[in-house]
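**Q** A structural model of the following input is requested.
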Amino acid sequence: MQESYTSANGLGQGEVEVFDLRIDHDGALWAATHYSGLIRIKDGHIATLSTKNGLPCDTILWSIEDDDHSVWLYTACGLVRISRSELDAWIADPNRTIQTSVWNAADGLVLRETAPSYYSPAVAKSTDGRVWFNTVDGIQLVDPHHLAFNKLPPPVHIEKITAEDKTYDEPSDGVRLPVLVRNVTIDYTALSLVAPEKMRFRYKLEGQDKDWREVVNDREVQYSNLPPRHYRFRVIASNNSGVWNEEGTFLDFSVAPAYWQTNWFRTLCVISVLALLWAGYQWRLRQLQHQFEMTLDARVDERTRIARDLHDTLLQSFHGVLLRLETIFQLLPGTPIEAREKLGSTIDQVAEAITEGRDAVQGLRKSTVQSNDLAKAISTLGEELASDSTSQRPAFHVAVEGHSQDLHPILRDEIYRIAVEALRNAFQHAQARKVEVEIRYNDEQFRMRVRDDGKGMDPEILSRQGSERHYGLPGMRERATLIGGKLTVWSEVDAGTELELMLPASIAYTKARRGSWLSRKLAGTAKD
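**A** Below you'll find the predicted structure:
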């Protein structure tokens, strides 16, 4: 039977030069290769043991299994022994890093990089368990049962730490390095009198390295651009027989932060940003309030201008006409009765026009609610509407919650007009038995509710903002929007109607505008 293996089966890329083939006691085929490591093939599965898994080099001339089922490899960099437990762990997990024992030229081993072509086989095992193999200079042997084993774990010591150009010899715990250190070098060592050149080290900088780093006979490590924080450098070592000093040693040190890297500076920056946002919010709030006040000022100016025009033109003209007609009426004693009657009717019409003009001027120059007691004005209005009701007289009640506060006259007029429209609907159209008005003053907002238990409104009419040719509900909403308030209307058939008007306290109460140009102007207008 013939089998072919390629990279699709897990074999390495390109051509693989095989130096030696061996079948172990489990029936697996082992191939020693040039630059490709040790390849294991069993049941169609291929795995490669290389320097990525802990071998000292990838050029392997041959492999053999001793009586303890440990595997020996003759490599270009030394004679390698892999214990059975390590090999089984690698077979179970091909990505695992294994531990090995290595003998090289320092131990008297003759090294070579290519397999001999004139002697075969290159290695053999005698009945006493010794491993015999040929080299360029002759035959060498190794007795797996009589190997020197170093049981003493090497003591580990940190010699110095260098930051930029400053060296800290025999550093103690808590070394504080200066600000903006870019290069840090740590020198460490371990003591072994047997084979110091075969010592292995593992080190890790907690706070920087995610895992241990392993090196062979290297006693220095460098770090660059360490951020400011506390660090702990840990290092452990193993001797030539692979015995590790697991406790090792450690060094605590820290890198000082620059002022812009400190927590107090970051906190100050956060506070500054929040302060800027808050200042921007306050500025925007004052800007909106100023715009609102300007709108109210414009309305006050317009109403005052109309009142002045009516007073100076319409009323004065009509008054002059009235005086002239009265003079004509008195100078014509002999005038026919018909002419006298016409002149009398003219006088009545002019007098009526003067009365209407005077009422208009009074309504523009003065607040609709003469006093600032909104509750009293609404109560008076409700009593008048109740007395004028042609059907049964509904019960009427006004409730005030909180401490009564002065409302801005313009806003008070609009609130009163909204209440007038709502109460007229309740008394004249709702057929209600009970009508209630609730006025609430608090520090956050002003609220007015008008409730009745009448016949209510169709939800379809409510959704259309009122019926055709009736502008009461749209007018109330427009007034609420104009003064910066929110109007909510709830109603169902035979369940009554509830109207709620809410205004922020910052625009509703006159004390919120104390000292404003609008308040001073309104005060001057009242004196006039």
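**Q** mind listing what I23 touches?
**A** Residues counted as contacts of I23 (CB atoms under 8 Å, 6 or more residues apart in numbering) are 29-30. (C-beta placed from N, C-alpha, C; glycine too.)
**Q** Please tell me how far it sits from I64.
**A** Separation of I23 from I64 (CB to CB, to the nearest Å): 12 Å.
**Q** How about the residue nearest to A28 when sequence neighbours are not counted: which residues does it bridge to?
**A** The shortest distance from A28 to any non-neighbouring residue, by CB to CB, 6 or more residues apart in numbering, is to K42 (4.0 Å). Applying DSSP bridges to K42 yields these beta-bridge partners: H45.
**Q** what's the neighbour count on V175?
**A** 15 (other CB atoms under 10 Å).
**Q** Setting aside sequence neighbours, what's the nearest residue to it?
**A** F253 (4.0 Å).
**Q** so is that neighbour in a helix, a strand, or just coil?
**A** strand (DSSP: H, G, I helix; E, B strand; the rest coil).
**Q** in the stretch 251-400 of the chain, which ranges drop under the pLDDT threshold?
**A** Applying pLDDT under 70 to the stretch 251-400 of the chain flags residues 301, 304-324, 326-342, 345-346, 349, 352-353, 355-372, 388-391.
**Q** So which residues of it form strands?
**A** 395-401 (DSSP state E, counting those that start in this stretch).
**Q** Mind jotting down where the helices sit in it?
**A** Taking DSSP state H, counting those that start in this stretch, the helices of the stretch 251-400 of the chain run over residues 263-309, 316-331, 337-365, 374-388.
**Q** Name the surrounding residues that touch the last one.
**A** In other words, helix 374-388. By CB under 8 Å, 6+ apart, helix 374-388 touches 369-371, 393-394, 396, 398, 400, 404, 407, 412, 415-416, 419-420, 423-424, 427-428, 435, 437, 439.
**Q** Name the nearest residue to R200, ignoring sequence neighbours.
**A** S238 (4.7 Å).
**Q** can you tell me how far the one you found sits from D67?
**A** 26 Å.
**Q** Looking at those two, which one has more neighbours?
**A** Set S238 next to D67 and count neighbours by other CB under 10 Å: S238 wins out with 23 against 13.
**Q** I'd guessed that one sits against L152; true?
**A** No. Assessed by CB atoms under 8 Å, S238 is found out of contact with L152, at 10.9 Å.
**Q** Using the record's domain definitions, break the chain down for me.
**A** 7-142, 156-260, 263-365, 374-527 (automatic domain parsing).
**Q** just how off-centre is the second one within its chain?
**A** Right, the one you point to is domain 156-260. The chain centre lies 38 Å from the centre of domain 156-260; the measure is CA atoms, centre = their mean, to the nearest Å.
**Q** same check, this time on the first one
**A** Remark: domain 7-142 is offset 57 Å from the chain centroid, using CA atoms, centre = their mean.
**Q** for that domain, what is the average pLDDT?
**A** Averaging pLDDT along domain 7-142 yields 86.
**Q** Could you number the chain from 718 rather than 1 from now on?
**A** Okay, using 718 as the starting number, the last item reads as domain 724-859.
**Q** ok, back up a step: contacting residues around the residue nearest to V892?
**A** Applying CB under 8 Å, 6+ apart, the residues near F970 are 878, 888, 891-894, 947-948, 950.
**Q** Which strand residues bridge it?
**A** Beta-bridge partners of F970, as defined by DSSP bridges: V892, Y948.
**Q** what does stretch 1141-1149 rub up against?
**A** Counting by CB under 8 Å, 6+ apart, 1099, 1102-1103, 1105-1106, 1108, 1111, 1152, 1167, 1169-1173, 1189, 1213-1214 sit against stretch 1141-1149.
**Q** average model confidence for that stretch?
**A** Averaging pLDDT residue by residue across stretch 1141-1149 gives 84.
**Q** Return the distance of the closest residue to L943 other than its chain neighbours relative to I875.
**A** In space, L943 comes closest to V972 once its chain neighbours are excluded; the distance is 5.2 Å by CB to CB, 6+ apart. According to CB to CB, V972 stands 17 Å off from I875.
**Q** Neighbour count for those two, which is higher?
**A** Neighbours were tallied for V972 and for I875 using other CB under 10 Å; the higher tally belongs to V972 (22 against 19).
**Q** Contact partners for that one?
**A** So V972 contacts 894, 896, 898, 901, 943-946, 948 (CB under 8 Å, 6+ apart).
**Q** Can you tell me which of these are classed as buried?
**A** Listed as buried from the contacts of V972 are 894, 898, 901, 943, 948; burial here means 16 or more other CB atoms under 10 Å.
**Q** my read: the second one touches K883, true?
**A** Spelled out, it's V898. No. V898 is not in contact with K883 according to CB under 8 Å; the separation is 9.3 Å.
**Q** ok, Y905 - contacts?
**A** 873-876, 918, 920, 936-938, 952, 966.
**Q** what's the farthest-apart pair in those?
**A** E937 and T966 (15.3 Å; CB to CB).
**Q** Those two - which one has more neighbours?
**A** With neighbours defined as other CB under 10 Å, E937 and T966 compare such that T966 has more, 16 against 13.
**Q** list the buried ones in the helix or strand A764 falls within?
**A** For A764, the host element (DSSP states H and E) is strand 762-766. For strand 762-766, a neighbour-count test (16+ other CB under 10 Å) marks 763-766 as buried.
**Q** Now do the SS call for A1139.
**A** helix.
**Q** what's around it, how many residues?
**A** As a burial measure, A1139 scores 28 neighbours (other CB under 10 Å).
**Q** do you know how far the closest residue to it other than its chain neighbours is from L1204?
**A** Excluding the flanking residues, the one nearest A1139 by CB to CB, 6+ apart is V1167, at 4.2 Å. Using CB to CB, we find V1167 at a distance of 11 Å from L1204.
**Q** Neighbour count for those two, which is higher?
**A** Comparing V1167 with L1204 by other CB under 10 Å, the one with more neighbours is V1167, at 25 against 18.
**Q** does the more buried one really touch A1136, like I thought?
**A** Yes. Using CB under 8 Å, V1167 is in contact with A1136, at 6.5 Å.
**Q** what's the overlap in contacts for the two?
**A** With CB under 8 Å, 6+ apart, V1167 and A1136 have common neighbours V1154.
**Q** middle-most residue in this structure, spatially?
**A** In the chain, the centroid-proximal residue (CA atoms, centre = their mean) is V987; its distance is 14.5 Å.
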